[in-house]
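Asker: A predicted structure for the sequence below; I have some questions about it.
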Amino acid sequence: MIHKKALTLFLLLAFIALPSQGQEKELPVKVFILGGQSNMDGTGKGEELPEEYLVAPENSMIWDNKKKAWVTLRTDSFSERRKFKFGPEVAFVHLLAKKYPNHRIAIVKTSGGGTKLWKHWLPEQGMYKAFLRNINNAVGELQSKGVLYEICGMLWMQGESDAETLEWANAYEENLKVLYKDVREQTEKPNLPIVMGRISIGLLRETPWVFDYTEVVQAAQDRVAKADKNVRIINTNKLETLKDNTHFNSESNIWLGKKMGKLMIKAIRK
């Protein structure tokens, strides 16, 4: 469990984290966990990032999965295949950091282009194991320094690859429920807010790949969101993509991040 003995630890750290005289108090941390495939990786170009997003908020940070360290948010998406590109996390962090100035906003992102829910993201599968490992490493670092934190929500942008066959698409709804259930069990947050981007209808245009069952996956995502009061869904049909009709462009990555941020704020308030 990610939060094993979390309550006891939280109470203990409440005393450990108190600053000594003249020492600056460490801000409590709101942790958000991100998962998905290429449109979570981020396909926005770093050189196209608006000026207002070039400097990361002082009260923000992102976990570097390779270095196993908290670092400054930048335009690199932390995807091995997409250097100097950004995803929805940039606009999301700016919005949340402004909303919660007395907290540090922390991102732990695990994503992989082309990964499938049925093959990579279910419990005991490769991407999901990496997802949990990255979260454990990230919060473990906070714990070791006596920093108070809470895992506040999850962002999910995935499903394109599951639209390749009818079998995978038909299985998407139940598989997504399994994923969300296990994430909540692992974080010991039964009502963990989840904001997901629905895959785009643009996948049915000409692409380098075949996503014939896009509408089946869309419908599955809609049903999961409707049945779960702690899941919010974003319609991405109108978002502009690159020439491949699959990956969101820079402007769309910013829009998606802001929309995810607004829905997450509402979810946290509730």
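Answerer: Alright, I've got the coordinates.

Asker: for residue 242, the count of nearby residues, please.
Answerer: Residues within reach of residue 242, counting by other C-beta atoms under 10 Å, total 14. Every residue, glycine included, has its C-beta placed from N, CA and C.

Asker: show me where pLDDT drops low in the protein?
Answerer: 1-25, 75-83 (pLDDT under 70).

Asker: in it, which spans are helices?
Answerer: With DSSP state H, the ranges of helices along the chain come out as 6-16, 38-41, 89-99, 117-120, 126-144, 166-187, 214-227, 250-269.

Asker: comparing those helices, which comes out most buried?
Answerer: helix 38-41 (a mean of 26; mean count of other C-beta atoms under 10 Å).

Asker: what's in contact with stretch 38-54?
Answerer: 34, 75-77, 79, 81-82, 84-91, 94, 109, 111-114, 155-158, 160, 197, 242, 246-254, 256 (C-beta atoms under 8 Å, 6 or more residues apart in numbering).

Asker: what subset of those residues is buried?
Answerer: 34, 75-77, 79, 82, 85-91, 94, 109, 111-113, 155-158, 160, 197, 246-250, 252-254, 256 (16 or more other C-beta atoms under 10 Å).

Asker: and the closest residue to residue 65 other than its chain neighbours, what does it touch?
Answerer: Using C-beta to C-beta, 6 or more residues apart in numbering and skipping the chain neighbours, the partner closest in space to residue 65 is residue 134 (5.0 Å). Residues in contact with residue 134 (C-beta under 8 Å, 6+ apart) are 63, 65, 108, 109, 110.

Asker: out of those residues, which comes closest to residue 126?
Answerer: Nearest to residue 126 among the contacts of residue 134, counting by C-beta to C-beta, is residue 110 at 10.7 Å.

Asker: what number of residues lie near that closest one?
Answerer: Residues within reach of residue 110, counting by other C-beta under 10 Å, total 24.

Asker: go ahead and confirm it touches residue 63.
Answerer: No - with contact defined as C-beta atoms under 8 Å, residue 110 does not reach residue 63; the gap is 9.4 Å.
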